[in-house]
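J.: Sequence first, then the predicted structure, then my questions.
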Amino acid sequence: MLEYNGPLTQKGIVEESMLSARTVRYALERLEGIGIVDEDVYFADARQNLYQLTDLAPQKAQAKADGGKEKACCAE
């Protein structure tokens, strides 16, 4: 969702995904813990946080899809 809609608050993610707030909160905590999502202050409402993908998110997602194995690059 963040990949296509850009930075969103937790509330925005809940509304767009129609998942429960608890589910979204848990997922965001896990994604932040592994470095896929960054949490920033939402200046329009300081009580909320703004979540966005990190620059490393595409590489980490691809590595996960490849079974956690890093591809070796060799000169032939």
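T.: On my side now, so go ahead. Numbering: from 1, shown residues only.

J.: which SS state does residue 29 fall under?
T.: Three-state assignment for residue 29 (DSSP: H, G, I helix; E, B strand; the rest coil): helix.

J.: how deep is residue 12 tucked in, by neighbour count?
T.: Using other C-beta atoms under 10 Å, the number of residues around residue 12 comes to 19. No exception for glycine: its C-beta is placed from N, CA and C like everyone else's.

J.: neighbouring contacts of the helix or strand encompassing it?
T.: Using DSSP states H and E, the element containing residue 12 is helix 10-17. Helix 10-17 is contacted from outside by 1-2, 5, 8, 19-21, 24-25, 28, 48-49, 51, using C-beta atoms under 8 Å, 6 or more residues apart in numbering.

J.: Keeping just the C-alphas, turn that helix into PDB.
T.: Provided in PDB are the C-alpha atoms of helix 10-17 (Å, rounded to 0.1, in the frame of the first residue of the first chain):
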ATOM      1  CA  GLN A  10      -1.700   4.400  10.500                       C
ATOM      2  CA  LYS A  11      -5.200   5.700  10.300                       C
ATOM      3  CA  GLY A  12      -4.800   6.200   6.600                       C
ATOM      4  CA  ILE A  13      -3.500   2.600   6.100                       C
ATOM      5  CA  VAL A  14      -6.400   1.200   8.200                       C
ATOM      6  CA  GLU A  15      -9.000   3.100   6.000                       C
ATOM      7  CA  GLU A  16      -7.400   2.200   2.700                       C
ATOM      8  CA  SER A  17      -6.700  -1.500   3.600                       C
END
